[in-house]
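Student: take this sequence and fold it.
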Amino acid sequence: MMTDTLSPNDSQSTTSEAYRTLLTQLMSGQVICQWSAPSLARLLEREDVKNRVNRWASEIGMQLASTSSGAGHYLVYEGFDSNAKAVSRELFTRLMKSLRFYVQTLEMLMNALHPEMTLVPGEELRFHNLLHQVGQSPSLQTQLGNLPSSKRHTAYKEQLDSLFSVLLKEGLLVEANAKHSIYQVTSRIELIQDLIIFIQENEELPEPEIDNPGPRQGQLT
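Tutor: Residues are numbered from 1 along each chain as shown. This next block holds a predicted model:
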């Protein structure tokens with residue numbers, strides 16, 4: 001668990017270091033939320049910091065964006081010029097390669113927890129409860145076994161362990177209680193769900209026009 005409070009006695013250098021860490025994580029594509037980075041999320045709640053980040057980001061053609069619930073914050077391109085299109089195309093290419101895994105994983109977790117609702121930031125996932133659910137459901141066993149993260153494992157516990165390791169590594173989950181194997185969903189899962197919906201609603205994305213630049217065709221939000 002991180003210690004997050006910036007007291008009035010903290011030096012200016014400490015605040016500057018936190019701000020630099022915030023920019024570094026945003027630039028690396030991280031989604032800042034109260035579960036993934038509590039201290040940075042609180043820092044970003046300050047209007048002066050948010051304005052400062054946006055002023056800095058605008059100088060490189062970017063701006064802060066939020067997930068659909070407003071719980072997570074990340075950087076996007078302001079316009080959709082040739083450079084932004086090339087980067088966005090690369091992002092969607094990477095996402096599409098993992099899209100099947102994300103869709104299957106979200107479907108399996110939702111079926112185990114609440115089939116009619118999506119996962120929400122801050123939601124708790126209890127490993128042993130999920131393991132019990134899988135053990136009682138042949139359909140969940142099939143869904144878990146079909147995930148790429150399960151290919152080298154045959155036991156349900158090993159498959160679920162492997163899946164959670166991937167989700168932790170990719171920042172979709174954080175460990176809330178190691179002793180009881182309790183995890184929390186971060187806003188990165190919400191961003192992935194938002195992107196999946198975006199892709200479903202925009203099946204034909206505009207191609208980059210690097211050789212023959214013309215009027216801007218839109219922007220990602």
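Student: so which strand or helix has the residue nearest the centre of the chain?
Tutor: Computing the C-alpha centroid of the chain and ranking residues by C-alpha atoms, centre = their mean puts R188 first, at 1.6 Å. Element membership for R188 (DSSP states H and E) is helix 187-201.
Student: just the mean pLDDT for that helix, thanks.
Tutor: Here helix 187-201 scores 84 as its mean pLDDT.
Student: so which bits of that helix are buried?
Tutor: Neighbour counts over helix 187-201 (16 or more other C-beta atoms under 10 Å) mark 187-195 as buried. Every C-beta, even on glycine, is put in place using the N, C-alpha and C of the backbone.
Student: just put the residues you listed in a markdown table and tack on distance to R126.
Tutor: Supplementary listing: the buried residues of helix 187-201 in a markdown table, determined by distance: C-beta to C-beta, whole Å:
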| residue | distance to R126 |
| --- | --- |
| S187 | 20 |
| R188 | 20 |
| I189 | 16 |
| E190 | 20 |
| L191 | 23 |
| I192 | 21 |
| Q193 | 21 |
| D194 | 25 |
| L195 | 27 |
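Student: buried residues in stretch 40-55, which are they?
Tutor: Neighbour-count burial for stretch 40-55, counted by 16+ other C-beta under 10 Å, picks out 40-41, 43-44, 49, 53.
Student: distance from the helix holding R188 to the middle of the chain?
Tutor: Computed by C-alpha atoms, centre = their mean, to the nearest Å, the chain-centroid distance of helix 187-201 equals 9 Å.
Student: same check, this time on stretch 123-135
Tutor: The mean C-alpha position of stretch 123-135 is separated from the chain mean by 21 Å, C-alpha atoms, centre = their mean.
Student: quick one on the thing from earlier: now do the helix holding R188: which elements does it pack against?
Tutor: helix 82-113 (3 or more C-beta pairs under 8 Å, 6 or more residues apart in numbering; DSSP states H and E).
Student: give me the next element, helix or strand, following the helix it packs on.
Tutor: Using DSSP H and E, the first helix or strand after helix 82-113 is strand 124-126.
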